[in-house]
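Asker: fold the following, please.
(one chain, ligands or ions: 1)
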Amino acid sequence: MNKTSQSAAPIGIRRGDMVKVMTGRSKGRTGKVLAVNPETRRVTVEHANIIKKHTRPNPSKNIRGGIVDKEGPIHVSNVMLVCPSCGKHTRAGHTTLPDGTKVRICRRCKATFEH
Ligand SMILES: [Zn+2]
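Answerer: As a prediction, this is how the structure comes out:
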């Protein structure tokens, strides 16, 4: 069965996963997922999609004003999981362990993604 509904589908990417950016300005870059936003279906990937963020100085929070480089969110459809075992980008499959735990697995080498 191949589900085509998009918004209801689970993201399948979690914080701490390694992903590869498949399209856009940071195409080809691999990095760790810093944040996942299920509502916008966007992930923030370390060192990818760097944007210039303008900040105002806020002395009470010890923030200096200026422009800082910051990772911008990328839509999940533009990134793919990178398997920590075989090192290739892959779609996640799912399997259930003998103890009933559901885990994500690499569809190529069947290694689990759980950290
Ligand atoms: Zn693999």
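Asker: in the chain, where is pLDDT below threshold?
Answerer: 1-8, 115 (pLDDT under 70).
Asker: near the ion, which residues of it are found?
Answerer: Cys83, Ser85, Cys86, Cys106, Arg108, Cys109, Ala111 (C-beta under 5 Å from the ion). In short, each C-beta sits where N, CA and C put it, glycine included.
Asker: what about the fourth one, how many residues close to it?
Answerer: Just to be clear, that refers to Cys106. For Cys106, the neighbour count with other C-beta atoms under 10 Å is 22.
Asker: the longest strand in this structure is where?
Answerer: strand 30-37 (DSSP state E).
Asker: quick one: strands adjacent to that strand?
Answerer: Applying DSSP bridges, strand 30-37 is found paired with strand 18-21 (antiparallel), strand 42-45 (antiparallel).
Asker: so what's Met80 bridging to?
Answerer: Beta-bridge partners, per DSSP bridges, of Met80: Lys20.
Asker: which residues touch stretch 96-108?
Answerer: 12, 81, 83, 85-86, 88, 90-95, 111-114 (C-beta atoms under 8 Å, 6 or more residues apart in numbering).
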